[in-house]
Structures are given as C-alpha cells and as structure tokens.
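[1] sharing a sequence plus its predicted fold:
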Amino acid sequence: MHEPPKQQGAAPDFTEASDPFALFSTWMAEAEASEPADPEAMAVATVDADGLPNVRMILLKGADARGFVFYTNCESAKGNELAANPKAALLFYWKSLGRQIRMRGPIEPATPAEADAYFATRHRESRIGACASRQSRPLASRAVLEAEVERLTKSFGDGPVTRPAYWRGYRLIPLEIEFWQNGPFRLHDRIVFRRADAHTPWTKTRLFP
C-alpha cells in the first residue's frame, strides 16, 4: 500500500486567512527559503486580437496592496496585447512547497518613476540588453543581436544606461486570487478571494479540489 504524499507547509491552516495580500507575502517568503531558483517566477497570460491566449514565464518585481508589478518592452507581443486588452492572469507554482497561486484582473501602467527606479537596479549588461532587444520581433541571427549589444556598449561608454521609453512597468490589480496547496490522494486545499473592484471588500470561498 502506497503512503500518501507528504503535505508541505501545512501549519498554520492557510484556509483560515482573511487577507490575500498578507497570505501571498507569507507564501512568497516561504518560497524564497525553499525554492531552489527564481521563486518570483510567474506565468503571465494575455490574449491577442483574436482572443487566442499567450502565456510566458517572467519575474515578479513588486507586490503590495496595490497589485503585482512586472516589466517588459511595451512593443513586445505581451505589450501589444496588454495595450489592446489591459487584462491578464498570473500563476505562481512552487514545486518545493506543493503550492500555487492564481490571480487575474485589469492591468494599469506602473509610473515612470517606478520603472526608472527598478531599471536602475538591473545589472548594467542587462540594461544594455534591454536597449538592444526589439523584443518579440524577427531576428536574422544571434550575431545581429550581439553586434547591437557591442555597438551600444561602446556608445554608452562609462556613462549612464538610461531606461528606454518602450521599457515599462505593468501592475495587475487582482480581482480574484486563488491559493492551492497539494493534499494527499489529490484532496488538495483551495480557497479563492474575489472582489468586484479594487475598492470593495474581498469575499472568500473554499473550493473542491
């Protein structure tokens, strides 16, 4: 007879939580201590003009009661899709903890000051790479990209590498946040918080697995 898989991080009982932002912060802190690489990695889903979904992995760069922030080239596929339909869904999955968080809601732009502040924290080579990449558009060869990086590196010299105007931040304002934790024999625990808008209280519902 097979033993049920061990449930990780079961105490305290997360299903008793009343504040999804506080619970997110707790789970993220535990993921940072447990996940071997990139605990802030998340899937971001958008839709194109035909309603066909697109999803990709990027990194969360800010989280508070206002929402969840990420940065990208606004001329990329995701940037164009968010411009046409400013709504998205996010998914975090931490295998080491047997947990996932799903959320969705409208998107608003982060402020230029927020984008400048985060861009300044990036490694210099990453800032140059952001300037060199025409994200999501056809690239003839890697050599073309590397040549543009080399050109910009020489052009910037020892001077500052400022944020290009097309590199921007986006904030997802969650209207729904679901917390899922692995349970034995697939009897998982799930709760979902929902609200009509950012100014109304959350309601919480426990879901069947």
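    Great, that's in hand. Numbering: from 1, shown residues only.
[2] where in this protein is pLDDT low?
    Across the chain, the ranges flagged by pLDDT under 70 are 1-11.
[3] quick one, strands of the chain?
    41-47, 53-59, 62-64, 67-73, 87-94, 99-109, 167-172, 176-181, 189-194, 203-207 (DSSP state E).
[4] among those, which comes closest to residue 27?
    Nearest of those to residue 27, taken as Cβ to Cβ: strand 99-109 at 6.2 Å. No exception for glycine: its C-beta is placed from N, CA and C like everyone else's.
[5] which outside residues touch that closest one?
    Outside of strand 99-109, the residues within contact range by Cβ atoms under 8 Å, 6 or more residues apart in numbering are 8-9, 24, 27, 31, 67-68, 82, 86-94, 168-182.
[6] list only buried entries from those residues.
    With burial judged by 16 or more other Cβ atoms under 10 Å, the buried subset of these is 9, 24, 27, 31, 67-68, 82, 87-94, 168-175, 177-182.
[7] before we move on, back to that, compare the strands of the chain and give me the one nearest residue 137.
    With Cβ to Cβ, the closest approach to residue 137 among the strands of the chain belongs to strand 67-73: 9.6 Å.
[8] for stretch 192-209, buried residues please.
    So for stretch 192-209, counting by 16+ other Cβ under 10 Å, buried means 192, 193, 195, 202, 204.
[9] any chance of these in a markdown table, plus distance to residue 159?
    Conversion of the buried residues of stretch 192-209 to a markdown table gives the following (distance: Cβ to Cβ, whole Å):
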| residue | distance to residue 159 |
| --- | --- |
| 192 | 49 |
| 193 | 47 |
| 195 | 46 |
| 202 | 47 |
| 204 | 52 |
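[10] closest one to residue 52 out of those residues, please.
    Nearest to residue 52, judged by Cβ to Cβ, of these is residue 192 at 25.6 Å.
[11] so what's that closest one closest to, chain neighbours aside?
    Once flanking residues are discounted, residue 192 sits nearest to residue 178: 4.2 Å by Cβ to Cβ, 6 or more residues apart in numbering.
[12] show me the contacts for the one you found.
    Taking Cβ under 8 Å, 6+ apart, we find residue 178 in contact with 101, 102, 103, 190, 191, 192, 193, 207.
[13] rerun at 7 Å
    Residues near residue 178 by Cβ atoms under 7 Å, 6 or more residues apart in numbering: 101, 102, 190, 192.
[14] again, but for residue 194
    Taking Cβ under 7 Å, 6+ apart as the test, what residue 194 contacts is 175, 176, 202, 203.
[15] could you tell me how far stretch 162-169 lies from the centre of the chain?
    Centroid separation between stretch 162-169 and its chain, computed with Cα atoms, centre = their mean, to the nearest Å, is 18 Å.
[16] list the buried residues in it.
    Across stretch 162-169, burial judged by 16+ other Cβ under 10 Å covers 163, 164, 167, 168, 169.
[17] going by distance to residue 150, which of those wins?
    Nearest to residue 150, judged by Cβ to Cβ, of the buried residues of stretch 162-169 is residue 164 at 17.4 Å.
[18] which non-adjacent residue is nearest the closest one?
    Leaving aside its sequence neighbours, residue 164 sits nearest to residue 131 (Cβ to Cβ, 6+ apart; 5.3 Å).
[19] over to residue 118?
    Nearest one to residue 118, counting by Cβ to Cβ, 6+ apart, is residue 61 at 5.8 Å.
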